[in-house]
Structure formats: structure tokens, C-alpha cells
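Undergrad: Using only what follows, build the 3D model:
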Amino acid sequence: MSSDMWMVSDESAKVFVVTTYQDLAYVLEHPDLFPSGNKTGPEDPPEVQEELAAGIPKAKTLYESDQPGHTRLRALIQSAWTPGRIKRWEPRIRQQADAVIDTLIERGSAEFFNDYAEPLMNSAILDFMGVPAEDHEKIKYWDKLWVKVFIPGHPLEDQRAAAKEIVEYQRYLEALFEDRRANPRDDLASELVHARTEDGSQLTMSELVWGLMELYGAGFGNTTEGLANILYLLLSDRKLWERLVDDRTQVENAVEEGLRMDGPVQWLSREAAEDVELSGVLIPKGSTVIVSYVAANRDPADFPNPDTFDVDRRGVSSTGAKHVAHGRGIHYCVGAGWSRTAIRIGLEALLDRMPNLALREGYEPDYHLPAPMIRCVQSVPVTWTR
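TA: Residues are numbered from 1 along each chain as shown. The predicted model follows:
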């Protein structure tokens, strides 16, 4: 059986779920024992593969790559996500947050997943990547087709139609990179296409296109979901929200604790490269190993009173280790710094301009799974005094 991130189809296969913080840290810090490849699910039907063959050839992405290729790929991509570049972008994200609020503020009520978090994070990350504003909705539409193509269970004709659109998406990104190769700007696409390692290696067009599709999908989706989850947690306890209204220096700490409490990525998979014993349990070679980030982040051995939102904890364990909402080890999320920054600014804009924001009276959260390993609130209905 392959280590399949979507499903386990072989009834005789061994599957192990890692739930403690220390065991999860061990798995993620030993990629030689628990590699990250072979986790993209079953092959697409031949008809879908035929459609995709008209696009950009598949390349390994950060998510599914292992050593030694992962080091090269990460170095090239990380060079474009520097803290300095993210810091310079902060005023742009705040402008975008204010622009969304401007469209809402006279209404007095809204649903803040679709009306605030999603449009803010979509415009923020695509602007950062270098996609013109007039194409933002088109990119979001293409990205949502990803689920139909690459997650099993959808009708074949839907998969084929989506695959055709994915090819169009790839050609769009190819043209974007070719333009930035000739006409570089201050954006992620320009940095990626001109990135070089010390030995002169650079990203191929396949790596650029597939890499940007991955970066956008995770950066837009997970950051939107993270902001929505944290906003719900803060508004569900007025003392938490009011503390941040009174003291903006606590917002960054609240983001970290919110990600620990309710980070959207619930789990990912690895595959045992050899027989490994973990906490007294033998994991045979070839077994699927599911690492549960959400369980580790609420492990009472490392996070006392794990179900309490403690701003002062800052998402740090009793041993000083940080939460694993963005992963750990060589696969730590390359865009984590950008995501944290965007969530923080999204919250700060609301605290500044809608300090009396409140959940709609009587609201009970409804969580859903936009992808098998993602969990987030489906809506955040709010009211405020104009």
C-alpha cells in the first residue's frame, strides 16, 4: 500500500496515528525514518491524466519531496519568503484589510468567513505573488477545482472538466513567470523565477508552476481558515476580545495561541521507511503514519489546561517548544511567517475599526472539512454598532 493522504484502501494495511507532542516531534524531525513522499493519493483516471498531459509536467513540490531534493527546493523557495520582504508588505495587507472593511462597515452585520477573511486573504496573497487584481477571482476559481481533480470520489466527467481548467491555470502561471523573467517586479513570482542557489541551480518551469499552485492553495486556504477560527475563538469569549481591544501588543500572542487551539491543518501522513519503535509500539516498514497536529497541540503533558485559550502562553509548550500548527522539522511551512503576519493584521484592522464586534446572538459554530485534513468554522456571523 502507498502512504495515501486521502484514504486507506487496503484493509490489511497497517496505519498508525501519532497523537502525543513528543512522538509527533520525533516523527517530523526524522524524515529519514518517516519520509514525506508517496502521499498524493491514487493515480488519476487515464482520462484525467490525458487532460493534464496538455499542461505543465508534474514536478515535486515541497509538500511531497524528500531529501536530498527537498533541501535544494526549499532553499530556492524560501529565498523569496524572507522576513524582510514580508515586513515590507505589511502596509499593503493593512490597506487591503481596510478596503474590505470599507465595504462592510455601514451594514452593521455580516458573515465574516465569506465577507472578510476570504476576500482579504485572497487579495493579500495574490498581490504578494504578483497576480494582477483583475485576475484574483479567476485564480481563486481555478484553485477550488483542485479538489475535484486530485481528491478521489468525484464523477469522472467533473474531474475531466476540472483538469482542463487546471491546464489553463498552469498556462496562466507559465506566462506570468515568463513575463517576470523579462520584467522583474517586487513580487514573489519575480523572486522565484530569478532565485539561484550558490551552485547556480534554479527552479524549472514545472517546479515554478506546480510550486506556486501549492503555495497559493495553502497560503490562501489555510490563512483564511486560520483567521476565521481564531476570530471565532476570540469573539466567543468577550474577555479575550476586550483584552486585545485594550492592548494591541497581545495580538501576536493571541494569534499563536489561537493557532495552537484551532489551527486548520488537522493531520498529514508519512510512511515508515523501516521498522521503527515509537513509545513502545513497533511500526513496520511501509506503514502509513498519520501525524495529528491538533492532538499534539492539545497534549496535556506539554500544554497544561490545553482547552483553555491562554494569551500569555503564546502557543508555547511547558518545555518551551512551539505549537505545531505550521508543522516542524524540514517540512515546517515555508509561508508560516507570511500567514501569521496576515492573520495578525486582519485582526488588528478589526480591533481598530470595529472594537464592538460581537458574534450573532445564539450562534453555535458549525465546523466543516473543505479538504480531508482541514477543519474550520463554516461561518462567523457577526454584528457591530455602526
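Undergrad: contacting residues around stretch 378-386?
TA: Residues outside stretch 378-386 that contact it (Cβ atoms under 8 Å, 6 or more residues apart in numbering): 105-114, 117, 228, 231-232, 235, 354, 356-361, 363, 365-368. Where you see a C-beta, it was placed from the backbone N, CA and C, and this is true even at glycine.
Undergrad: now the end-to-end length of that stretch.
TA: This stretch, stretch 378-386, spans 25 Å end to end (Cα to Cα, to the nearest Å).
Undergrad: hmm, back to that, which of the contacts of stretch 378-386 are buried?
TA: The neighbour count (16 or more other Cβ atoms under 10 Å) marks Ala110, Phe112, Phe113, Ala117, Ala228, Leu231, Tyr232, Leu235, Met354, Leu357, Leu359, Tyr363 as buried among the contacts of stretch 378-386.
Undergrad: Longest helix in the chain, by number of residues?
TA: helix 205-235 (DSSP state H).
Undergrad: tell me the pLDDT at Gly130?
TA: Note for Gly130: predicted pLDDT of 97.
Undergrad: gap between it and His136?
TA: 12 Å (Cβ to Cβ, to the nearest Å).
Undergrad: What helix or strand is the residue lying closest to Ala99 once chain neighbours are set aside located in?
TA: The shortest distance from Ala99 to any non-neighbouring residue, by Cβ to Cβ, 6 or more residues apart in numbering, is to Ser123 (8.0 Å). In this structure, Ser123 sits in helix 118-129 according to DSSP states H and E.
Undergrad: Measure how that helix sits relative to helix 205-235, angle-wise.
TA: Here helix 118-129 points in a direction 140 degrees away from that of helix 205-235 (axes from the mean of the first three to the mean of the last three Cα atoms, to 10 degrees).
Undergrad: Name the residues that touch helix 118-129?
TA: The contact list for helix 118-129 (Cβ under 8 Å, 6+ apart) reads 89, 92-93, 96-97, 99-100, 133, 135-136, 139-140, 187-189, 212, 215-216, 219-220, 223-224, 227, 338, 342, 346.
Undergrad: Kindly write the PyMOL command that selects the buried subset of these.
TA: To isolate the buried members of the contacts of helix 118-129 in PyMOL, using 16+ other Cβ under 10 Å:
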select buried, resi 89+93+96+97+100+136+139+140+187+188+189+212+215+216+219+220+223+224+227+338+342+346
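Undergrad: Show me where this structure has its helices.
TA: For the chain, helices defined by DSSP H occupy the ranges 21-28, 46-52, 69-78, 83-104, 118-129, 136-144, 146-150, 156-182, 188-194, 205-235, 238-246, 251-262, 293-296, 336-353.
Undergrad: do you know which of those lies nearest Pro306?
TA: helix 251-262 (8.3 Å; Cβ to Cβ).
Undergrad: What count of nearby residues applies to the closest residue in space to Gly258 that isn't next to it in sequence?
TA: Excluding the flanking residues, the one nearest Gly258 by Cβ to Cβ, 6+ apart is Ile230, at 3.4 Å. Here the number of neighbours of Ile230 (other Cβ atoms under 10 Å) works out to 28.
Undergrad: now Glu364
TA: Residues near Glu364, counting by other Cβ under 10 Å, number 5.
Undergrad: And Thr19, by the same measure?
TA: The number of residues near Thr19, taken as other Cβ under 10 Å, comes to 16.
Undergrad: same question, Glu137
TA: Neighbour count for Glu137, taken as other Cβ under 10 Å: 13.
Undergrad: ok, now Pro68?
TA: Neighbour tally, Pro68, other Cβ under 10 Å: 7.
Undergrad: Number the residues from 408 up from this point.
TA: New numbering, starting at 408: the last item is Pro475.
Undergrad: how far away is it from Lys467?
TA: The spacing between Pro475 and Lys467, counted by Cβ to Cβ, is 12 Å.
Undergrad: Same question for Arg677.
TA: For Arg677, the distance to Lys467 (Cβ to Cβ) stands at 16 Å.
Undergrad: Buried residues, stretch 655-666. List them.
TA: Buried-residue list, stretch 655-666, by 16+ other Cβ under 10 Å: Gln657, Val658, Glu659, Asn660, Ala661, Val662, Glu663, Glu664, Gly665, Leu666.
Undergrad: could you say what helices and strands the worst-scoring helix or strand of the chain on mean pLDDT packs with?
TA: The helix or strand of the chain with the poorest confidence is helix 553-557; it has a mean of 79 (mean pLDDT, DSSP states H and E). Helices and strands touching helix 553-557, by 3 or more Cβ pairs under 8 Å, 6 or more residues apart in numbering; DSSP states H and E, are helix 563-589.
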